[in-house]
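>>> got a predicted structure here, sequence first:
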Amino acid sequence: MLRIGVFDSGVGGLSVLRALRQQLPQVALWYVADQAHVPYGRRSRAEIVAFAHGITRFLLAQGVHMVVVACNTATAAAIDELRRTFPQVPFVGIEPAVKPAARATRSGVIGVLATQTTFRLPRYAALLRRYAPQARVLEDPCPGLVEHIEAGEVDGPRVRAILQRAVEPMLRAGADVFVLGCTHYPFVEPALRALVGPRARILDPAPAVARRAAQLARQQGWAPLAAGPGEVTFFSTGDPARLARAVERLLGWPRPAVQGLRWQGGALVWARAAAPVPPTPGR
Ligand code: DGL
């Protein structure tokens, strides 16, 4: 009976949830948005490790069999620690798609959009050394973009200004492949496309992450939880109504049920003592 936990600092992981839904439609998905702490992208590694531990403990207590870290920043900061702390749990992380970008580029110039913390951590440098030693890789942390997406703003003058400032120097340098190295960014892909033109490649690793989760599930011999579409259960450590609006707007899933959680001494607890609301039926 397969149940997968998925987490992110906020709504970004919904881009991964959508891909998981396509790959594994019958699986039950439990999604935690740590909106009390978003953005993760300017936080220290130690803070993110502590959040990732708390969320993982909560998800395991709900009976999940696998955890998808649907956040590049949390993967870079915490996935090694998570694997050490919970050796019995399969974890799937997400990293900027540098390897396919190095294969796809014709100009040899790649643009990567990710958070400051992702760029700063050694995992990202190792990725470049390993997969793109010949490429010229230009990076930009797109300051403020995660906050706009959290607020539901995925296009418009302010979003375009952030993207334009980021990609203009990349385009001038000849970049022909752009890597969405933050799970929030697939939601601004149309705005980015308008700036980089129809011929540039834009890479989102979410489908590959979902395929990896499906492969692990098969290897473990897990069966899906339901015969029809599996339920999706949403949690926010911030305002549940805000996450519900984001799920509607970004995924087009009407009226999702979102439950509130709060942090208490490094652990996640239910925000209300009342019985949890039923999960969103499969769609
Ligand atoms: N969605 C996250 C990522 O993939 C980070 C956004 C944030 O800064 O919280 O990196």
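Yep, it's here. Residues are numbered from 1 along each chain as shown.

>>> same question for stretch 163-178: list its buried residues.
L163, A166, V167, M170, L171, A175, D176, V177, F178 (16 or more other Cβ atoms under 10 Å). Placement of C-beta: from N, CA and C, glycine included.

>>> looking at this, R262 is in a helix?
No - with DSSP: H, G, I helix; E, B strand; the rest coil as the criterion, R262 is strand rather than part of a helix.

>>> re earlier: closest to V64 among the buried residues of stretch 163-178?
Closest approach between these and V64, by Cβ to Cβ: F178, at 32.7 Å.

>>> quick one, what contacts the closest one?
Contact analysis of F178 by Cβ atoms under 8 Å, 6 or more residues apart in numbering lists I110, G111, V112, L113, V167, M170, L192, V196, A200, R201, I202, L203.

>>> ok, back up a step: with secondary structure added, can I get the buried residues of stretch 163-178 in CSV?
As requested, the buried residues of stretch 163-178 are exported to CSV (three-state DSSP):
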residue, secondary structure
L163, helix
A166, helix
V167, helix
M170, helix
L171, helix
A175, coil
D176, coil
V177, strand
F178, strand
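
>>> show me which of the residues you listed neighbour the ligand.
When Cβ under 6 Å from any ligand atom is applied, no member of the buried residues of stretch 163-178 is adjacent to the ligand.

>>> want to throw these into JSON lines with pLDDT?
Listed next are the buried residues of stretch 163-178 as JSON lines, based on pLDDT from 0 to 100:
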{"residue": "L163", "pLDDT": "98"}
{"residue": "A166", "pLDDT": "98"}
{"residue": "V167", "pLDDT": "98"}
{"residue": "M170", "pLDDT": "98"}
{"residue": "L171", "pLDDT": "98"}
{"residue": "A175", "pLDDT": "98"}
{"residue": "D176", "pLDDT": "98"}
{"residue": "V177", "pLDDT": "98"}
{"residue": "F178", "pLDDT": "98"}
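
>>> and the two most separated of the residues you listed?
L163 and D176 (16.6 Å).

>>> now the strands: where do they sit in the stretch 101-250 of the chain?
For the stretch 101-250 of the chain, the strands defined by DSSP state E, counting those that start in this stretch cover 109-113, 136-140, 177-180, 201-203, 232-236.

>>> check whether the first one contacts the ligand.
No - on the criterion Cβ under 6 Å from any ligand atom, strand 109-113 is out of touch with the ligand, staying 10.0 Å away.

>>> for the ligand, what are the nearby residues on the stretch 51-200 of the chain?
C71, N72, T73, T115, T118, V146, C182, T183, H184.

>>> I figured the fifth one hits G181, correct?
Yes - with contacts counted by Cβ atoms under 8 Å, T118 reaches G181, the gap being 6.1 Å.

>>> now list whatever residues contact both of the two.
N72, P96.

>>> between the two, tell me which one has more neighbours.
G181 (31 against 27; other Cβ atoms under 10 Å).

>>> contact partners of stretch 202-212?
Stretch 202-212 is contacted by residues 15-16, 18-20, 22-24, 68, 70, 92-97, 100-101, 104, 177-180, 183, 185-186, 189, 192-193, 196 when judged by Cβ under 8 Å, 6+ apart.

>>> gap between that stretch and the chain center?
10 Å (Cα atoms, centre = their mean, to the nearest Å).

>>> list the buried residues in that stretch.
Across stretch 202-212, burial judged by 16+ other Cβ under 10 Å covers I202, L203, D204, P205, A206, A208, V209, A210, R211, R212.

>>> same thing with stretch 60-70?
V64, H65, M66, V67, V68, V69, A70.

>>> for the residues you listed, give me a markdown table that also has secondary structure and pLDDT.
Shown next, in a markdown table, are the buried residues of stretch 60-70 (DSSP: H, G, I helix; E, B strand; the rest coil; pLDDT from 0 to 100):
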| residue | secondary structure | pLDDT |
| --- | --- | --- |
| V64 | coil | 96 |
| H65 | coil | 95 |
| M66 | strand | 97 |
| V67 | strand | 98 |
| V68 | strand | 98 |
| V69 | strand | 99 |
| A70 | coil | 99 |
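
>>> may I ask which two of these are separated the most?
Among the buried residues of stretch 60-70, H65 and A70 lie farthest apart (Cβ to Cβ), at 16.1 Å.

>>> now do the buried residues in stretch 222-242.
Neighbour-count burial for stretch 222-242 [16+ other Cβ under 10 Å]: 222, 224-226, 230-238, 240, 242.
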